[in-house]
Structure formats: C-alpha cells, structure tokens
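Student: sequence unknown, structure follows:
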C-alpha cells in the first residue's frame, strides 16, 4: 500500500479533501505537519519524508500567503528539507502540488526545473489573476501531456476533465520577454499537462481561463514527469456529487479527479 505524506502548516486548508482522495483509491495517507519532518515535534510524532512513497502539497493559504503565495512554506521546506526533497524527486517518487501546493512547488524551484531537479531560485511565478479577484468556478481542462507525466496515465491525450478552481494568484508568469521561449520549451519537454478549455475542448479566454495564464496552461510537470503542479483541484472532483450537474448528464458515480489519484497510486 502506497504511503502518502500530505504536508501542511498553518493556513493549509485542503488536507482533509486530499486525504480523502488518496484514501478512496486505496493509499495510506497521513496528514503531516512540517515540524514533524524537521524534528521539532515530540519523538512519537516525528516522521521521515523518505518513509513515504508519495508527497502531496495541498491547497490553502499557507502562512497567510504573506510575501507571495506559498513563499514562506517553500522557504521553510527548502531550509530544513532541501536535500531530502531533492533525493525524493530524483528517485522518481511522485509529488503533487495543488493550488497553493503548485505555488509552493514554483517557489521551491521544483517547477519547471528545466536544467536541474530543484533550481536555487524560482524560474516562474504564479501571479494575481487577470480579473484581479478570487476565482471560484468549475474549470474544464484538456489533458495535453504526451505520456511523460505519471499522474495522468489514466487519462487519454485530449481528454477534457472538470476540476474546480479556487484561487486569486493562478496566472503563470514567465520572465519578461521570455514567454514564448518558456512555452516552447515546456512543450518540447512534454511538461504541459493541462490547459484551460471551453465546452468544445478549445482554448478560450475568460471565464474558461480563470486567471489569464499564457497558453492557457493550468498544470505542468517536471521533465521526468513525476512532479505535477496544477491550480485546479482534482481532489474536489472525486464523485459525481462534486459536479454542478450531478443530477443529470453524468454516467456512474466517479468524478474526473479519481482517475488522477488512481493512476499514481496503482503504478508499480
């Protein structure tokens, strides 16, 4: 049974949904506070990151999102767990960062990680939505990964799924003047996993793209495919009852998010 570390600090608020998602697909999840991994906890509560098979960084507003969203959580992790994090990723163990978790991965330098496992400083940023407000809405995503991402092996190329979005800082921002180069490199490396689309599966602007990210990018992985960061919430789409049209138009009780978690937990 796969052991999952769902890492949290003050302000994290999606650990319960993430726990439920992994539990539903047969994993053994545990909510772990950062202090339990850094030795700042009673002996019986201490944990070792390398004892887990999967690491999940859930959504929320860690440390109040002061400075920048996810920046404080990332700084604490890098200072105390930097070597272990690098080893965890290098060994090919799956990592997912959802919403605030994606912001943390970016601040850690684990996304997009073009040239090294964990860059010494952020290479991109997740900036304020173009609407300049918090966007909470059902979001349609097209799976555009060509096969490198272990998290989407249960989806087919071009499949459209619904994961709800709930964020104020989801606009993927590249260095000034390098937007096209970064998008091209992400595409060449097969690092683009999800794009925001409309009901016909086509790229579209607001409200289909809730934050204005260039190329409609909603989620990216590292070049090796084991670390996924995305802004929408797959853990909030595990059953048909999570959908606005749950009383009509959906076959069976499974939600689209189930396929993401089931794929990574079921892999060897």
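Tutor: Okay, I see it. A quick note: this is a predicted structure, and the numbers were derived from the prediction, not measured.

Student: Please enumerate the helices of this structure.
Tutor: Counting by DSSP state H, the chain has helices at residues 15-24, 34-38, 71-90, 100-108, 179-188, 257-266.

Student: Give me the angle between the fourth one and helix 15-24.
Tutor: Yep, that's helix 100-108 we're talking about. Counting by axes from the mean of the first three to the mean of the last three C-alpha atoms, to 10 degrees, helix 100-108 lies at 100 degrees to helix 15-24.

Student: Contact partners for the residue lying closest to residue 148 once chain neighbours are set aside?
Tutor: In space, residue 148 comes closest to residue 225 once its chain neighbours are excluded; the distance is 3.7 Å by C-beta to C-beta, 6 or more residues apart in numbering. For the C-beta atoms, the positions are set from N, CA and C on the backbone; glycine is no exception. Residue 225 makes contacts with 145, 148-150, 190, as judged by C-beta atoms under 8 Å, 6 or more residues apart in numbering.

Student: cutoff 7 Å now
Tutor: 148-150 (C-beta atoms under 7 Å, 6 or more residues apart in numbering).

Student: quick one: low-confidence ranges for this protein?
Tutor: For the chain, the stretches flagged by pLDDT under 70 are 249, 268.

Student: residue boundaries of the strands in it?
Tutor: 3-8, 28-33, 54-57, 95-98, 125-127, 135-137, 140-143, 160-162, 165-167, 171-173, 192-196, 217-221, 227-230 (DSSP state E).

Student: Quick one: those as a markdown table, columns for distance to residue 82 too.
Tutor: Output for the strands of the chain, formatted as a markdown table (distance: least, C-beta to C-beta, whole Å):
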| stretch | distance to residue 82 |
| --- | --- |
| strand 3-8 | 14 |
| strand 28-33 | 17 |
| strand 54-57 | 14 |
| strand 95-98 | 14 |
| strand 125-127 | 20 |
| strand 135-137 | 32 |
| strand 140-143 | 31 |
| strand 160-162 | 33 |
| strand 165-167 | 26 |
| strand 171-173 | 24 |
| strand 192-196 | 25 |
| strand 217-221 | 20 |
| strand 227-230 | 15 |
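
Student: So for residue 239, which of the ones you listed sits nearest?
Tutor: Nearest to residue 239, of all these, is strand 160-162, at 12.3 Å by C-beta to C-beta.

Student: Would you list the strands that the closest one pairs with, along with their directions?
Tutor: strand 140-143 (antiparallel) (DSSP bridges).

Student: now what about the partner strand, what contacts it?
Tutor: Contact with strand 140-143 is made by 152, 155, 157-163, 193-199, 201, 208, 218, 232, as judged by C-beta under 7 Å, 6+ apart.

Student: Roughly how far does residue 84 sit from residue 255?
Tutor: Distance from residue 84 to residue 255, counting by C-beta to C-beta, to the nearest Å: 33 Å.
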